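S.K.: build me a model:
(one chain, ligands or ions: 1)
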Amino acid sequence: MLNGKKIVLGVTGGIAAYKAATLCSKLVQKGADVHVIMTASATQFITELTLQTLTRNAVYTDTFDEREPAVVSHINLADLADLVLVAPATANVIAKMAHGMADDMLTTTLLATTAPVMIAPAMNVHMYDHPAVQHNMRLLDERGTLMIEPGEGLLACGYVGKGRLEEPETIVEVVERFFAQQDKAHVPQQDQDWVQSHLYDQVQGEGRTLLLKGKKVIVTAGGTVERIDPVRYITNDSSGKMGFAIAAAARDLGADVKLIMGNTQAQPPVDVKIIPVQSAQEMYEAVSREWEESDIVIKAAAVADYRPKEVYTEKIKKKGDTLSLELVKNIDILETLGKQKTHQFLIGFAAETQSLEMYAREKLKRKNCDLIVANDVSRAGVGFGTDTNAVMIYDRNGLVEELELMSKEDVAHRLLRIAAERIAGRN
Ligand code: PMT
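M.R.: Residues are numbered from 1 along each chain as shown. Here you go, the predicted structure:
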């Protein structure tokens, strides 16, 4: 879709500059002709040679480094561009753009171009929230600069919050769909919505078209607690982070979110309705109450398959050398929902340590899910308790998407986007 598109990529000096390599590589793979301009600070984070090798075009860093006498480089780049993309865009370059400064190769090109300009900001959360940055972004927005919203999560500076450069895969998708909209007279509404949800109409999301607007989304998160006696219980290692990330992403996409939350030490997202539960039975009852009204149900919780047959009302006293507990099977919530499914879009998870695809696809079928998200929880950084995850998303026909190790927030956004596209397709 990017065949022959000339993209001038401005890389500015933040830690996210290292992601410019992946971005270049993916744009080139899609057929784009990428011309990189780096600011002096960007060269502190990634080398010109890396980006030159990936794009097979000269990389520009200095306005006065004129290589061809017949050509003024920044005017040439400004004229040839079908799109100028600045990723990552630091607070500094955003300020320069907002105030029309032109003191280096990138900013002079940005002033000289008549091509559309798209920026993907990346910075510390407090810098991003600073009124000066917000004001500058508003100025750019008023002038028609397109913005790719930064993601939320753990930032390189150690803070957690908004400011992380959107993943290169997503930036490429936004660029592709942006060109598709330009090239075609009629673009499906769902594609237009998708692009809009990634491009700010106004700073801080006001006025964005939200992919899940009006949808009722139920997310389960955390582990269940199966009581043995008043002081002991059976649970598992689920921290709730995966489910929380999904709930937050659904909220950000405009959904009305209810989070059915089991045992967890993590901080649940704000602005979603929280329904605390303990046992699998309680989780089942809570989901059942919301089920009829819901559009999307996502079961990220780790539910105990068995519970103690007897729950002792008094603390069990220490007696012999061994103690046997008899366990009985819990209701399989997902499977039960799958049987009752009418209009709901049902997403299950599969936590496996072997034969990931086989078990996940078997669960998808048996539990009648629309999608199943399989994670190999024996891998480092994957599954229980971590801030990251790597998943394979399957539907009945097989693999839909493989997501390499990335933040749970990014997994959540990608998953919801797939769900939203499929729901839009159904309608
Ligand atoms: O919470 P985190 O620390 O962030 O970790 C995330 C996670 C590893 C918990 C998450 O990514 C995950 O894999 N969740 C599902 C865990 C699980 O119970 O998997 P399972 O393969 O045993 O179950 C398959 C599906 O059936 C799950 O959607 C589960 O919610 C559901 N289930 C299982 C048993 C049961 N009795 N009722 C159910 O609904």
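S.K.: list the contacts for the spatially closest residue to E352 that is not a sequence neighbour?
M.R.: With Cβ to Cβ, 6 or more residues apart in numbering as the criterion, E352 has its nearest non-adjacent residue at 4.9 Å, and that residue is Y359. Heads up, the C-betas are built off the backbone N, CA and C, glycines and all. Residues near Y359 by Cβ atoms under 8 Å, 6 or more residues apart in numbering: A350, E352, A374.
S.K.: keep only the residues you listed that also lie close to the ligand.
M.R.: A350 (Cβ under 6 Å from any ligand atom).
S.K.: looking at the contacts of Y359, which is nearest the ligand?
M.R.: Distances from the ligand to the contacts of Y359, taken as Cβ to the nearest ligand atom, are shortest for A350 (4.2 Å).
S.K.: count of neighbours near that closest one?
M.R.: The tally of other residues near A350 (other Cβ atoms under 10 Å) stands at 24.
S.K.: wait, a strand at it?
M.R.: Yes - according to DSSP: H, G, I helix; E, B strand; the rest coil, A350 belongs to a strand.
S.K.: who's in contact with the residue nearest to it when sequence neighbours are not counted?
M.R.: Spatial nearest neighbour of A350, chain neighbours left out: A360 (4.0 Å); criterion: Cβ to Cβ, 6+ apart. By Cβ under 8 Å, 6+ apart, the residues touching A360 are A350, E352, I372, A374, M392, Y394.
S.K.: switch the cut-off to 6 Å
M.R.: The neighbourhood of A360, defined by Cβ atoms under 6 Å, 6 or more residues apart in numbering, consists of A350, I372, A374, Y394.
S.K.: now, which of those lie within strands?
M.R.: In strands, judged by DSSP state E, the following of the contacts of A360 are found: A350, I372, A374, Y394.
S.K.: let's see if you can find the most crowded of those.
M.R.: Highest neighbour count within the ones in strands among the contacts of A360, by other Cβ under 10 Å: I372, with 27 neighbours.
S.K.: which residues of the chain lie near the ligand?
M.R.: Checking the chain against the ligand by Cβ under 6 Å from any ligand atom, the hits are 238-243, 280, 299-303, 305, 330, 332-334, 348-351, 363, 375, 377, 383-385.
S.K.: strands along the stretch 51-200 of the chain, start to end?
M.R.: Ranges of strands in the stretch 51-200 of the chain, per DSSP state E, counting those that start in this stretch, are 83-89, 117-121, 146-148, 151-154, 160-164, 199-200.
S.K.: of those strands, flag the one that's most buried.
M.R.: strand 83-89 (a mean of 27; mean count of other Cβ atoms under 10 Å).
S.K.: ok, back up a step: farthest-apart pair in the ones in strands among the contacts of A360, please.
M.R.: Maximum pairwise distance among the ones in strands among the contacts of A360 (Cβ to Cβ): 8.6 Å, between A350 and Y394.
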